[in-house]
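1. model this:
(one chain, ligands or ions: 2)
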Amino acid sequence: MTKNKIKTVRVQKIREECKDIKSFRFNVMDLFKNYEAPLPGQFIMVWVPGVDEIPMSLSSADSEGNWMISVKKVGECTKALHNLSEGDYIGIRGPLGNAFKIPKNKSKNIFLIGGGIGTAPLGFLAQELHKKGHEFTFIEGVKQRSELFLNKNLEDQCGENSNLIFCTDDGSYGVKGFASTIFRNMIQKLTERENLRTVAYTCGPEIMMYETFKICEEFNIPLQASLERIMRCGCGLCGLCALEPLGLLVCKDGPVFPSKILRQIDDFAKYKMDFSGKKISLS
Ligand SMILES: Cc1cc2nc3c(=O)[nH]c(=O)nc-3n(C[C@H](O)[C@H](O)[C@H](O)COP(=O)(O)OP(=O)(O)OC[C@H]3O[C@@H](n4cnc5c(N)ncnc54)[C@H](O)[C@@H]3O)c2cc1C
Ligand code: FES
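-> Ligands and ions are numbered 1, 2, ... in the order given. Reported below is the predicted structural model:
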């Protein structure tokens, strides 16, 4: 299938992850002539007939064509997705966008810092890192226990040798505090040599990603962050996902951006465009 053509797939499995988050699994093998598994960080446009088409990161994908998205119910289209049953059909376009770059060198000290639904693409990244033999620390932060993606899936994706840390803002589960604060506490304890071989990945609320970025800048740690903007076309046509002042498009040039680019984005943690193209504050 061409990436930008909508194709219909049957939802095979729906799993309730936690309050307001469900995962949907489907198989796309028959849609591609020469199937290549998507990479962690990439997203798809999901069309719910009669409702809307919205961007969703892949929370898992394999060489057999099994893809998964994890959806937080926030508005009309995500609510419509939550109302689907196994066997129902959705439209998909993709995989779209770029991906997280995985280190070639096994000796890297790797941190994944996820907030809320941002844990979804990082879970896929964890799966690939684990497959390639990397060990890492995954910090998942949410407001309260009921929002945790506390499931076997994430533990499987991370593997036995990696460190999975849960934290909540209110202390109702795991460590009390923000994921970025826990990241800082861990970074501060590293030796200079460990610090030099550290890399970090983040996805979640933009304010959390910005805090993580500031910590990485302070300690000279390369970061890759997956940004979210309102999207209409998902393929570089409408301009709604543009980042100022570089004019980079989250749908085409992103959604994953490295420190070098993050440093130059004036809008980072400050503004995004609404559906009419008007700039709105992120705070
Ligand atoms: C690259 C990318 C990957 C994403 N991955 C996931 C994911 O894995 N899981 C997930 O649950 N959500 C993800 N999102 C966010 C998801 O697309 C929005 O939550 C969804 O579009 C809301 O649609 P709605 O019709 O339910 O809500 P609406 O009724 O349209 O709006 C509800 C709220 O969501 C905000 N919103 C609407 N559309 C977007 C959008 N495209 N991006 C950000 N905020 C939006 C609105 O400003 C409003 O505050 C991703 C967004 C992007 C850009
Ligand atoms: S969503 Fe239209 S240009 Fe990015």
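2. Output the contacting helices and strands for the lowest-mean-pLDDT helix or strand in the chain.
-> When each helix and strand of the chain is scored by mean pLDDT, DSSP states H and E, helix 152-158 comes last, with a mean of 78. Applying 3 or more Cβ pairs under 8 Å, 6 or more residues apart in numbering; DSSP states H and E, one finds that helix 152-158 makes contact with helix 119-131, strand 136-142, strand 163-168. All C-beta atoms are positioned from the backbone trio N, CA, C, and that covers glycine.
3. try it again with 10 Å
-> Under the contact criterion of 3 or more Cβ pairs under 10 Å, 6 or more residues apart in numbering; DSSP states H and E, helix 152-158 touches strand 7-18, strand 52-61, helix 119-131, strand 136-142, strand 163-168.
4. Give me every residue in the stretch 151-283 of the chain lying close to ligand 2.
-> The stretch 151-283 of the chain comes close to ligand 2 at residues Met231, Arg232, Cys233, Gly234, Gly236, Leu237, Cys238, Gly239, Leu240, Cys241, Leu249, Cys251, as judged by Cβ under 6 Å from any ligand atom.
5. list the buried ones in the least confident helix or strand of the chain?
-> Asn153, Leu154, Gln157, Cys158 (16 or more other Cβ atoms under 10 Å).
6. any residues touching the helix or strand harbouring Ala80, and which ones?
-> Assigned by DSSP states H and E, Ala80 belongs to helix 76-82. Applying Cβ atoms under 10 Å, 6 or more residues apart in numbering, the contact partners of helix 76-82 are 11, 14, 16, 20-22, 24, 46-54, 56, 69, 71-73, 88, 90, 117.
7. which of these come close to ligand 2?
-> Counting by Cβ under 6 Å from any ligand atom, no member of those is near ligand 2.
8. ChimeraX command to pick out the buried ones of those residues?
-> The following ChimeraX line selects those of those that are buried, judged by 16+ other Cβ under 10 Å:
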select :11,14,20,21,22,24,46,47,48,53,54,56,69,71,72,90,117
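9. Could you pull up the residues touching Trp67?
-> Counted by Cβ under 10 Å, 6+ apart, Trp67 has contacts 9, 24-29, 37-38, 44, 58-61, 92, 94-95, 124.
10. if you set the cut-off to 6 Å instead, what comes out?
-> Shown in contact with Trp67 (Cβ atoms under 6 Å, 6 or more residues apart in numbering): Val28, Leu58, Ala61.
11. Just say helix, strand or coil for it.
-> When classified by DSSP: H, G, I helix; E, B strand; the rest coil, Trp67 comes out as strand.
12. give me every residue that touches the spatially closest residue to it that is not a sequence neighbour.
-> Nearest non-adjacent residue to Trp67, counting by Cβ to Cβ, 6 or more residues apart in numbering: Ala61, 4.7 Å away. Going by Cβ under 6 Å, 6+ apart, Ala61 touches Ala37, Pro38, Trp67.
13. how far away is Ala61 from Val48?
-> For Ala61, the distance to Val48 (Cβ to Cβ, to the nearest Å) stands at 20 Å.
14. thinking again about what came up before, closest to ligand 2 among the contacts of Trp67?
-> Leu58 (17.2 Å; Cβ to the nearest ligand atom).
15. quick one, what contacts that closest one?
-> Contacts of Leu58 (Cβ under 6 Å, 6+ apart): Pro38, Gln42, Trp67, Phe124.
16. most neighbours, which of those?
-> Phe124 (25 neighbours; other Cβ atoms under 10 Å).
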